[in-house]
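Undergrad: Sequence unavailable; structure follows:
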Ligand code: FES
Ligand code: FES
């Protein structure tokens, strides 16, 4: 116990194109490093076990549930959070979200947007079935699913 | 960081300052239950004197920015957009220049500053309209004065006053300061509803830009320099209390500031969430029984006992139900049961509290700021005036945040540690130690005569801590000569709370499914059967009728028409209609039978909530309510073993996901009636529409929820559509 306490590893993370230092335990999930230590609060906590998608970020461009991946696993990987998705909230997915008026309470939406953005980066013209597969990990308790589906399609059209 | 960081005092300064330095028009107004007469609008002059006695305000500054304060908590029902829309409509404001701020709690002046019961819009409709109309009146007067023309020759549009004859116009910004010198009239004329130009249109959620860019607007996002994080270990089992606590190991963990016990709780307090989470697992707590330790199997048994028990609380009695059953040609009898459900808003419970010698600061997400403040005051033995409460946006509520338990906890921990503290619940805390939609069981009996007329109707509802789990005046009450409705409550240590559309969230399923069974026994079409009963209630009502028969018939007919009721070849349709929270919703679910597997393809909804304020938000509320009703009816289940919840996170507890959501068509009745609430009414009818359709498709009658666990659907994978 004592040894752990006295030798907390220091991590340098690449987040949204900038280096950040974090003095945290090795097993601290990325989610809590972002929120508690780096002040990046757009990434949300919903379940802590990879089941709701509220904490979705990109690691090297792929969607990742940040709540159950420890900071020690990131290495030099490039992290993107909702704050870094675009400079002016004008990523095609964000624009589509606004146009379709997706959010209700809004709590799940950063995660939804990050999942959708990762899908479209990989597959700019997904079928409806592919959209549904990709978005399935993200819960929305308010039930905005119809508009999520619609907005992903719109974003895909915007991306050409 | 939060929506409104203005305390009562500094708001006063803010108003005075901007009013005296930059000019403009300030209109304070009160929206309160106490003031049943309606709205009292305060003269700008009074406002300038600093004696501010209002709870909401509208201001127009000389640079043309119109600010409207929105007093009710925003939980996703879009009140922050629809409230100001009502004011802006009467004001003829250019929506693009309207800013909305979340008003902090002012419990003296504002008695219905809560979100719950779908009541905010119906409650405030008239008052908000008057506020907008008053401001418009002052601006028009100011223009008339400046130009020396009668007010009757002036019109307004998009934040401008026009004098058509001479082609002149002035902006509200140019008139604001002059308008503030004009006395507030005793009476104002409201617009003719047919001339609304903003109300009824689709206006986007005013907070979208913050939401989609990840701004820290929720309670969980509130951070303060020096703030500590606290997590609380509550008893794992209901009916248990703490016997002993060993917190030595937890206290020795890195980052932990203290571990403290209060009541039946142990709070672990530290510097970061993860450290606190880890340390909490190290606390060793022994519990001992402190009441009944119940399991779901006990509840099943208790329900059966209570259904057969002699005494019950009579809720409504018309005619002689015993005689009706004795003379019946046919009797239909069924029982329906639902499990407990946690609320599961996506943002778990949390609250910030800082108890200082000179006062208390509270910040966070609550549906009832007033209650939260009063309970905090009670705990500390101080007057509520010493407490400021600022609202953040709420990451969902569904009724959970109508309770103040998690606010009081934060106050308690901050008070013990004399430090600023934010209490955070994990998902497991939320599902395991929260408050639930109560488990309920209903027994229905109906008697029919030889012609298939409904002659008698009996309902007994039994529930765990559910109080009156019936709604005795609901349809078909009033349409049946002989009727008896009773309830029995079982008291349990398991805490329950209001869950979106309390009681009716399951009662509607049971009633509307049972009516389908009765219609079938009577060999009548379910829609025609309901319409006939309503006609009966209209021509010869039995006892009091507490619903509007015509509005109910209106949505039934609209849903039937829009869904092409009875004309679909390859789809089985199920019908349901319900009146709750002042509004009427009928739904038709369409199910395809794909080799024995029922696939829900579409739901048509006909909604009568009176005037629709915001088309976009209203459609969201209806679809969201239907998705909510559908998901919980099909999938969600919370059971107890030895007093402890058995499902604690989304790996064990299923919520509906995108793939399982069918197409949903929403149709609103256009009748010009004042708005009657929309946060809840779309949810109750959904379960029955689906179950009735599944019955038609497969011959399997679902009487218990969740559907996926029922014997009838064994081996069937419910949910996927593609
Ligand atoms: S918080 Fe990470 S998936 Fe739920
Ligand atoms: S918008 Fe509320 S949880 Fe998705």
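TA: Alright, I've got the coordinates. Quick caveat, the model's predicted, so the values are computed rather than measured. Residues are numbered from 1 along each chain as shown, chains lettered A, B, ... in the order given. Ligands and ions are numbered 1, 2, ... in the order given.

Undergrad: near ligand 2, which residues of chain A?
TA: Residues of chain A lying near ligand 2 by Cβ under 6 Å from any ligand atom: A:103, A:104, A:105, A:106, A:107, A:108, A:109, A:140, A:141, A:142, A:144. C-beta here means a position set from N, CA and C on the backbone, and glycine is covered the same way.

Undergrad: hang on, the first one packs against residue B:208?
TA: Yes: checked against Cβ atoms under 8 Å, the pair residue A:103 and residue B:208 is within contact range at 5.9 Å.

Undergrad: which of the two has more neighbours?
TA: More crowded of residue A:103 and residue B:208, by other Cβ atoms under 10 Å in any protein chain shown: residue A:103, with 29 against 21.

Undergrad: Name the SS class of that one, please.
TA: Secondary structure for residue A:103, judged by DSSP: H, G, I helix; E, B strand; the rest coil, is coil.

Undergrad: and it, backbone torsions?
TA: phi -60, psi 140 (degrees, to the nearest 10).

Undergrad: Which pLDDT value goes with it?
TA: As predicted, residue A:103 sits at a pLDDT of 96.

Undergrad: Spit out the contact partners of it.
TA: Residues in contact with residue A:103 (Cβ atoms under 8 Å, 6 or more residues apart in numbering or on different chains) are A:97, A:109, A:144, B:76, B:205, B:207, B:208, B:211, B:212.

Undergrad: Find the residues that touch each one of residue A:103 and residue B:208.
TA: By Cβ under 8 Å, 6+ apart, the residues touching both residue A:103 and residue B:208 are residue A:97.

Undergrad: Can I take it that residue B:585 is in a strand?
TA: Yes: looking at residue B:585 with three-state DSSP, it is inside a strand.

Undergrad: Tell me, how many residues neighbour it?
TA: 32.

Undergrad: Return the distance of it relative to residue B:627.
TA: According to Cβ to Cβ, to the nearest Å, residue B:585 stands 14 Å off from residue B:627.

Undergrad: Help me confirm that residue B:355 is found in a strand?
TA: Yes: Residue B:355 sits within a strand when classified using three-state DSSP.

Undergrad: these two touch, right, it and residue B:379?
TA: No: Residue B:355 lies out of contact with residue B:379 (Cβ under 8 Å); the separation is 9.7 Å.

Undergrad: Spit out the residues that contact these two alike.
TA: Contact criterion Cβ under 8 Å, 6+ apart; residues shared by residue B:355 and residue B:379: B:411, B:415.

Undergrad: More neighbours: which of those two?
TA: Neighbours were counted for residue B:355 and for residue B:379 using other Cβ under 10 Å; residue B:355 has more, 26 against 17.

Undergrad: which ones are touching that one?
TA: Residues near residue B:355 by Cβ under 8 Å, 6+ apart: B:380, B:411, B:414, B:415, B:418.

Undergrad: who does whichever strand or helix holds the second one touch, helix- and strand-wise?
TA: Going back to what we said before, that points to residue B:411. Under the criterion of DSSP states H and E, residue B:411 resides in helix B:405-417. Other elements packing on helix B:405-417 under the criterion 3 or more Cβ pairs under 8 Å, 6 or more residues apart in numbering or on different chains; DSSP states H and E are strand B:228-233, strand B:256-262, strand B:265-270, strand B:350-356, strand B:359-364, helix B:369-380, strand B:421-424.

Undergrad: Indicate which one of these is closest to ligand 2.
TA: Each of the helices and strands packed on helix B:405-417 has some distance to ligand 2 by Cβ to the nearest ligand atom; the shortest is strand B:350-356, at 15.4 Å.

Undergrad: The closest one versus strand B:359-364: what angle between them?
TA: Angle, strand B:350-356 to strand B:359-364, by axes from the mean of the first three to the mean of the last three Cα atoms, to 10 degrees: 170 degrees.

Undergrad: May I see the buried residues of strand B:350-356?
TA: Residues of strand B:350-356 classed as buried: B:350, B:351, B:352, B:353, B:354, B:355 (neighbour count, 16 or more other Cβ atoms under 10 Å in any protein chain shown).

Undergrad: Wait, the first one touches residue B:365, no?
TA: The reference is to residue B:350. Yes: in this structure, residue B:350 is within contact of residue B:365 by Cβ under 8 Å, at 7.2 Å.

Undergrad: just to revisit the earlier point, export the helices and strands packed on helix B:405-417 as JSON lines, with columns for mean pLDDT.
TA: Shown next, in JSON lines, are these (pLDDT from 0 to 100):
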{"stretch": "strand B:228-233", "mean pLDDT": "98"}
{"stretch": "strand B:256-262", "mean pLDDT": "98"}
{"stretch": "strand B:265-270", "mean pLDDT": "98"}
{"stretch": "strand B:350-356", "mean pLDDT": "98"}
{"stretch": "strand B:359-364", "mean pLDDT": "95"}
{"stretch": "helix B:369-380", "mean pLDDT": "94"}
{"stretch": "strand B:421-424", "mean pLDDT": "98"}
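
Undergrad: export the ones you listed to CSV and tack on distance to ligand 1?
TA: Shown next, in CSV, are those (distance: least, Cβ to the nearest ligand atom, whole Å):
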stretch, distance to ligand 1
strand B:228-233, 16
strand B:256-262, 23
strand B:265-270, 20
strand B:350-356, 14
strand B:359-364, 19
helix B:369-380, 26
strand B:421-424, 13
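
Undergrad: and residue B:558, which of the ones you listed is closest to it?
TA: When the helices and strands packed on helix B:405-417 are compared by Cβ to Cβ, helix B:369-380 sits nearest residue B:558, at 37.8 Å.

Undergrad: Good, wrapping up.
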